[in-house]
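Asks: Return a 3D structure for these sequence lines:
(2 chains)
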Amino acid sequence: MPSTNAAPSRLKTTITGIALAALPAILFALALLLGRYPIGPLDVGRSLLSPIFPKLGADIPEIARRLVLRVRLPRALAALLIGASYGGTGAAFQAIFKNPLVDSNILGVTSGAGFGAALALLLLRNEWQVQLFAFAFGLLAVGLAFFGSRLYKSSPLLVLTLMGILVGSLFGSLTSLLKYVADPLDTLPAITFWLLGSLSSITWSSLPVLAFVTLLGVFFLWLIRWRLNILSLGDAEARALGVNPARSKLCIIIVATLMTAAAVSVSGVIGWVGLVIPHAGRLLVGPDHKRLMPASILMGASFLLLIDNIARTLLPGEIPLGVLTGLVGVPVLALLLRRGRRGW
Amino acid sequence: MTVQLQAQHLQFAYLPERNVLDDVSLEINAGETLYILGRNGSGKTTLLSCLAGLITPAAGQVLLDGQDLLSFGPAERARKVGLIPQMHTPAFSYTVNEMVMMGRAPYLGWLGSPSRDDQAIVDEALAQLGLFELRNRPYTEISGGEQQLVLIARGLAQKCQLLLMDEPTAHLDLSNQHRILEIVSQLGDRGLSFIISSHSPNNALAYADRVLLLEGGKVTAYGSPEETLTEPKLSAIYGIRTEVITNGDGKPLAVVTQRPIALEPKSLRDPHSPLGQIFARSKAEPQLILVTGLSGVGKTTWCTQLIGLARDAGLKVNGLLSPSIFEDGRKVGIEVVDLHSGDHRQLARLREEGSAALQTPRWAFDSEAMDWANQVLTESGASDLTVIDELGPLEFFQNEGLTAGMAKLDAGDYKVAAVVIRSALLPQALSRWPNAIIVNGSAKTLP
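Replies: The predicted structure follows:
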């Protein structure tokens, strides 16, 4: 493939940066506007300000105010956070695994979380217990993969990947077992729908943990972003450049796993975002993680907001997110790759 | 000049009791270039990893400016010693500028990102190596020579005083090798030191201040190129005959390798032919011919033909020949023949059927026949041609088998000796008998 020798102009870089930063804001605003119940932009703005200036909310229908503040706003915030989390952790995992075909699920966090959620849905049926179980089992799965890989001496990265796949399969089978024994009229649909991913059950109470973990995690990934370049060269070369790869990787795995578990536990399984967003980011800003990390975070947030807006509005009923990410993401990525100038 | 890096008695093993490095010592002064030569698997890369502090030696230590290398933290060490690995393709297509920028890693904290000052240092390194115009090209799309230059530029951006390079010219064409090594040499003039592992004795002759020859993890020679890159030493480590071409003043210019000689049948009677010359020279000093080649090419047949020619010329022949015993077209045993008396015994038979292919050794030797064969060699009197067929791993590594043959050769107790040996043992044979002549034992050379 031919490639331009000219430096990307400062102007172009700036425009890309502004566009990437503006996109989540625009989609966030849209998320508040769109929905089955029509609410005008002015009313949305007043509703948002009404907790601080009660006078502003006086002449808006109470149902509109409630919809904006209690349903659309937490849901849009969740989409923003979860998308940012998937985009950022995907880019980080692709760097440390030196592999553009992985995301933060490679170590089994999603399968573990899915099993935890299914177990809670089967036995307990309480919203926050489902979240807690999903979070805990997500961490447990990665912990098993990580300590399992310590038993072997050779090629730690390969063994870790293999262990992640093994643990993922194990929890996948266990989840299937739970589905098999679940009540087909009641529990089974709940488990299935959870596994397809949705933001429809988000309330303000889901947000504090998610926001805390995600914001701290994203900040950490943003800080460590340049070092990902070094880690992506492999352990020996990283050590020759004065970097301790084991320590850096461990930190990244812990942070990314906490972030992913927090995201999965409130939204269910939304695959694909962490895998695809870094690719789209590379096509836009190149492989240097100094730019790729912020780009992946912003694009992940935008993508999930976009998908959730579609999921809420396209059909009378909600479309599961896990279904839409693939349906929208595949053609978008295929188009991007066709236009791409260089490999990753 | 001050000693910059000093390695003392390094020892390293990946597996217990298999030393990859064994008592390796070296030192390098500021601005010097040291070449490490050795066959594949001789420990060159491991030695570089030790010197870079990436692996910890089991014994011995590396001193950098007089201080133990292991006392430095990783980042501090990387500011002093840079390692340029063998060329490889990174998973992501970073630009040239981004690759070189990675050399700034030891100066940035682990959450740090490069600043404008770092970019200035990178720009300087790029400009110094003529890479500035390439800076926005993907590293994966430039040529091999340019990639190597980028890695050197990364070493410059690392601002260390010593750069270790693992086979920097391995995949490069002649002009790119020259270009890279000239740049390395000019950087050396500015005080940068290099330790370079290489497969090219010629590059070492042209560019090295010192050379270290490594064989099986041991240093077999260490010193100036003139001292180390000599015919016997090179022949011994590479297991091939080499010739060092010198200019009028005796200064070595180039190392050329020689193929095994193919000897003509008529040549024994002709004093100007290679074989005739060997026999002529044997009057002054013993001449050792190593008959080599793949299994089954006819090494024993070649010896039989040589013996016939020698007897035709009225020369006295003794020693041993080991023809195979065939049964239904399958080699089932080995015979040993005393060339002086014509007596023969069965020396070995193929081990039992079934697991035969899995058994090591495949041959069951008859110890009485072996004793007899050794006796034949010990008691044989003076002769013009001594044939020993053959010397193998038993003799070289275990001090068993035809030990009398080894003793005879070590003592120089022969005029012309033709010894059958498998190609894999040539390095051992040449380090033991550096003046041996290697002959292609393919039977077709003597119809």
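Asks: Can you list the buried residues in the helix or strand encompassing residue B:311?
Replies: Using DSSP states H and E, residue B:311 sits within helix B:299-312. Applying a neighbour-count criterion of 16 or more other CB atoms under 10 Å in any protein chain shown, one finds B:299, B:300, B:302, B:303, B:304, B:305, B:306, B:307, B:309, B:310 buried in helix B:299-312. C-beta here means a position set from N, CA and C on the backbone, and glycine is covered the same way.
Asks: residues in contact with the fifth one?
Replies: For residue B:304, the set of contacting residues under the criterion of CB atoms under 8 Å, 6 or more residues apart in numbering or on different chains consists of residue B:321.
Asks: ok, now how distant is it from chain A?
Replies: 51 Å (CB to the nearest CB, to the nearest Å).
Asks: again with the third one
Replies: Distance, residue B:302 to chain A, by CB to the nearest CB: 46 Å.
Asks: Report pLDDT for that residue.
Replies: For residue B:302, the pLDDT comes out at 86.
Asks: Name the nearest residue to it, sequence neighbours excluded.
Replies: Once flanking residues are discounted, residue B:302 sits nearest to residue B:441: 4.5 Å by CB to CB, 6 or more residues apart in numbering or on different chains.
Asks: thinking residue A:220 is in contact with residue A:255, fair?
Replies: Yes: with contact defined as CB atoms under 8 Å, residue A:220 reaches residue A:255; the gap is 5.2 Å.
Asks: what about residue A:13, which helix or strand?
Replies: Here residue A:13 is assigned to helix A:10-33, by DSSP H and E.
Asks: and after that helix, which helix or strand comes next?
Replies: By DSSP H and E, the next helix or strand past helix A:10-33 is helix A:41-49.
Asks: which other helices and strands contact that next one?
Replies: Counting contacts by 3 or more CB pairs under 8 Å, 6 or more residues apart in numbering or on different chains; DSSP states H and E, helix A:41-49 is packed against helix A:10-33, helix A:62-66.
Asks: Give me the neighbour count for the residue nearest to residue B:302.
Replies: 30 (other CB atoms under 10 Å in any protein chain shown).
Asks: I figured it hits residue B:297, correct?
Replies: Yes: using CB under 8 Å, residue B:441 makes contact with residue B:297 at a distance of 6.2 Å.
Asks: Next, the angle helix A:41-49 makes with the helix holding residue A:13.
Replies: 80 degrees (axes from the mean of the first three to the mean of the last three CA atoms, to 10 degrees).
Asks: excluding its backbone neighbours, what's nearest the closest residue to chain B within chain A?
Replies: Of chain A, the residue with the smallest distance to chain B, taken as CB to the nearest CB, is residue A:242 at 2.8 Å. Leaving aside its sequence neighbours, residue A:242 sits nearest to residue B:78 (CB to CB, 6+ apart; 2.8 Å).
Asks: thinking the one you found is in contact with residue B:160, fair?
Replies: Yes: applying CB under 8 Å, one finds residue B:78 in contact with residue B:160, separated by 7.2 Å.
Asks: Please say which of those two ends up with more neighbours.
Replies: Between residue B:78 and residue B:160, counted using other CB under 10 Å, the more crowded position is residue B:78 (26 against 21).
Asks: Buried residues, the helix or strand containing residue B:183. List them.
Replies: Secondary structure from DSSP H and E places residue B:183 in helix B:174-189. Neighbour-count burial for helix B:174-189 flags B:176, B:177, B:178, B:179, B:180, B:181, B:183, B:184, B:187, B:188 (criterion: 16+ other CB under 10 Å).
Asks: With distance to chain A and pLDDT as extra columns, can I get these in JSON lines?
Replies: What follows is the buried residues of helix B:174-189, written out as JSON lines (distance: CB to the nearest CB, whole Å; pLDDT from 0 to 100):
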{"residue": "B:176", "distance to chain A": "20", "pLDDT": "89"}
{"residue": "B:177", "distance to chain A": "23", "pLDDT": "91"}
{"residue": "B:178", "distance to chain A": "26", "pLDDT": "91"}
{"residue": "B:179", "distance to chain A": "21", "pLDDT": "90"}
{"residue": "B:180", "distance to chain A": "19", "pLDDT": "92"}
{"residue": "B:181", "distance to chain A": "21", "pLDDT": "94"}
{"residue": "B:183", "distance to chain A": "20", "pLDDT": "93"}
{"residue": "B:184", "distance to chain A": "18", "pLDDT": "93"}
{"residue": "B:187", "distance to chain A": "18", "pLDDT": "92"}
{"residue": "B:188", "distance to chain A": "20", "pLDDT": "91"}
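Asks: which ones are touching residue A:239?
Replies: Applying CB under 8 Å, 6+ apart, the residues near residue A:239 are A:245, B:54, B:74.
Asks: which non-adjacent residue is nearest the last one?
Replies: In other words, residue B:74. residue A:242 (4.8 Å).
Asks: Residue A:220 and residue A:255: which is more packed in?
Replies: Neighbour count, other CB under 10 Å: between residue A:220 and residue A:255, residue A:255 has more, with 22 against 19.
Asks: For the strand or helix carrying the more buried one, list the C-alpha coordinates in PDB.
Replies: Per DSSP H and E, residue A:255 falls inside helix A:245-267. Output in PDB follows, covering the C-alpha atoms of helix A:245-267 (Å, rounded to 0.1, in the frame of the first residue of the first chain):
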ATOM      1  CA  PRO A 245       7.500  -5.100  31.600                       C
ATOM      2  CA  ALA A 246       6.100  -7.500  34.200                       C
ATOM      3  CA  ARG A 247       5.200  -4.800  36.700                       C
ATOM      4  CA  SER A 248       3.600  -2.500  34.100                       C
ATOM      5  CA  LYS A 249       1.600  -5.300  32.500                       C
ATOM      6  CA  LEU A 250       0.400  -6.500  35.900                       C
ATOM      7  CA  CYS A 251      -0.900  -3.000  36.700                       C
ATOM      8  CA  ILE A 252      -2.600  -2.700  33.400                       C
ATOM      9  CA  ILE A 253      -4.200  -6.100  33.700                       C
ATOM     10  CA  ILE A 254      -5.500  -5.400  37.200                       C
ATOM     11  CA  VAL A 255      -6.900  -1.900  36.200                       C
ATOM     12  CA  ALA A 256      -8.400  -3.100  32.900                       C
ATOM     13  CA  THR A 257     -10.000  -6.100  34.600                       C
ATOM     14  CA  LEU A 258     -11.600  -3.900  37.300                       C
ATOM     15  CA  MET A 259     -12.900  -1.500  34.700                       C
ATOM     16  CA  THR A 260     -14.300  -4.300  32.500                       C
ATOM     17  CA  ALA A 261     -15.900  -6.100  35.400                       C
ATOM     18  CA  ALA A 262     -17.500  -2.900  36.600                       C
ATOM     19  CA  ALA A 263     -18.800  -2.200  33.100                       C
ATOM     20  CA  VAL A 264     -20.100  -5.700  32.400                       C
ATOM     21  CA  SER A 265     -21.800  -5.900  35.800                       C
ATOM     22  CA  VAL A 266     -24.100  -3.000  35.000                       C
ATOM     23  CA  SER A 267     -24.600  -3.500  31.300                       C
END
